[in-house]
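>>> Structure, please.
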Amino acid sequence: MFDIPLQVLLGQITIGLVNGCFYAILSLGLALIFGLLNVINFAHGALYMLGAFGVYLAMQKLGVNYWWSLLLVPVVVGAFGALVERLLLRRLIGLDHLYGLLFTFGLALVLEGIFRDIYGSAGLPYPTPPALRGLVDLGFMRMPIYRVWIVGASLVVCFATWFLIERTRLGSYLRAGTENAKMVQALGINVPLMVTFVYALGAALAAFAGVLAAPIYQVQPLMGSNILIVTFAVVVIGGLGSTAGAIATGLALGVIEGLSKVFYPEVSSTIVFIVMALVLLVRPAGLFGREA
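Sure thing, here's the model as predicted:
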């Protein structure tokens with residue numbers, strides 16, 4: 001039925017995997033914040049945008065290269081996220097979840113508006129690091145080295161975050177704090193500090209994705225809004241609050257999106273939402289989520 005060369009098929013799978021890596025990192029941060037803080041973080045796209053602008057400004061204003069920015073920008077954005085949680089978001093604890101949603105949505109609009117007023121809506125270029133320029137021969141296609149780097153770095157960060165949450169003592173404290181915060185605090189564990197740490201970690205993950213995206217996509221204020229809706233769909237499909245679900249679903253949907261451009265290009269921009277609708281009809285909690 002489909003007379004498609006194998007090289008084209010494998011090429012689209014590889015390209016889809018690159019996009020899936022961005023979905024995985026961003027949805028992982030969203031899943032962490034929702035699963036451990038119970039906050040629907042609409043500012044996540046703006047934090048992704050801050051990461052991209054952070055690496056751009058670090059190069060333009062401070063002369064900091066890509067490698068140092070890859071380490072420093074997520075830390076700075078994570079610290080900003082900690083301040084937001086500590087000074088503002090914490091005041092909404094105990095109120096209806098809608099207040100947290102509205103606050104983070106408003107924060108995203110403010111951040112995007114500030115950068116749009118200063119830099120405009122046109123994209124700003126960020127050069128690929130010299131060490132990651134060129135192509136690598138995969139046998140079925142020649143792929144830019146930088147995209148191979150994105151896949152490798154993303155998988156390492158995703159696995160490290162999953163291991164931290166699911167296989168360490170700190171992660172067990174974080175999960176216990178979401179189930180019964182008063183009991184955990186009675187055991188001498190600083191639950192408010194853990195909440196701040198989780199929000200900062202989610203912000204740092206979004207910024208890390210933004211740094212990786214800067215040399216591929218033009219740096220512009222609305223870049224976070226464009227990917228946030230898809231990221232929310234990924235989190236819903238994987239299961240709200242599931243770290244493993246966020247990673248696996250992000251990677252899988254990136255590949256599915258890439259394949260749809262080969263078999264049926266007309267649905268490539270909506271295939272994620274079609275999958276979301278089908279999954280919710282069969283399993284409302286998501287593929288990896290737990291029934292309430």
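>>> And the pLDDT for Arg147?
Here the pLDDT value assigned to Arg147 is 92.
>>> One more: Ile4?
Predicted confidence (pLDDT) for Ile4: 67.
>>> Low-confidence bits of the stretch 1-150 of the chain, can you list those?
Applying pLDDT under 70 to the stretch 1-150 of the chain flags the ranges 1-4.
>>> can you give me the strands for it?
In the stretch 1-150 of the chain, the segments counted as strands under DSSP state E, counting those that start in this stretch are 135-137, 142-144.
>>> most packed of these?
strand 142-144 (a mean of 15; mean count of other C-beta atoms under 10 Å). All C-beta atoms are positioned from the backbone trio N, CA, C, and that covers glycine.
>>> Now do that one: distance to the chain's middle.
24 Å (C-alpha atoms, centre = their mean, to the nearest Å).
>>> Given it, what are its sheet partners and their directions?
Sheet pairing for strand 142-144, assigned by DSSP bridges, gives strand 135-137 (antiparallel).
>>> Tell me the buried residues in the longest helix along the chain?
Longest helix in the chain by number of residues, with DSSP state H as the criterion: helix 6-37. Residues 9, 11-37 are the ones in helix 6-37 that count as buried (16 or more other C-beta atoms under 10 Å).
>>> before we move on, back to that, now the strands of the stretch 1-150 of the chain in a markdown table, please, with extra columns for distance to Arg86.
A markdown table is the format used below for the strands of the stretch 1-150 of the chain (distance: least, C-beta to C-beta, whole Å):
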| stretch | distance to Arg86 |
| --- | --- |
| strand 135-137 | 44 |
| strand 142-144 | 40 |
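>>> what's the longest helix of the chain packed up against?
helix 44-62, helix 145-167, helix 169-179, helix 191-213, helix 223-238, helix 243-263 (3 or more C-beta pairs under 8 Å, 6 or more residues apart in numbering; DSSP states H and E).
>>> Pull out the buried positions in the first one.
Translated: helix 44-62. Within helix 44-62, the residues that qualify as buried are 44-59, counting by 16+ other C-beta under 10 Å.
>>> do the same with the shortest one
Along helix 169-179, the positions that meet the burial threshold by neighbour count (16+ other C-beta under 10 Å) are 171, 174, 176-178.
>>> which element follows that helix toward the C-terminus?
helix 181-186 (DSSP states H and E).
>>> If you count contacts, what does that following helix end up packed against?
In terms of contacts (3+ C-beta pairs under 8 Å, 6+ apart), helix 181-186 is packed against helix 169-179, helix 191-213.
>>> Sort out which residues of that helix are buried, please.
Buried residues in helix 181-186 (16+ other C-beta under 10 Å): 181, 184.
>>> what's it in contact with?
173, 176-177, 191 (C-beta atoms under 8 Å, 6 or more residues apart in numbering).
>>> give me that answer again for 6 Å
The contact list for helix 181-186, computed with C-beta atoms under 6 Å, 6 or more residues apart in numbering, reads 176-177, 191.
>>> out of the buried residues of helix 169-179, which one sits closest to Leu92?
Nearest to Leu92, judged by C-beta to C-beta, of the buried residues of helix 169-179 is Thr178 at 16.4 Å.
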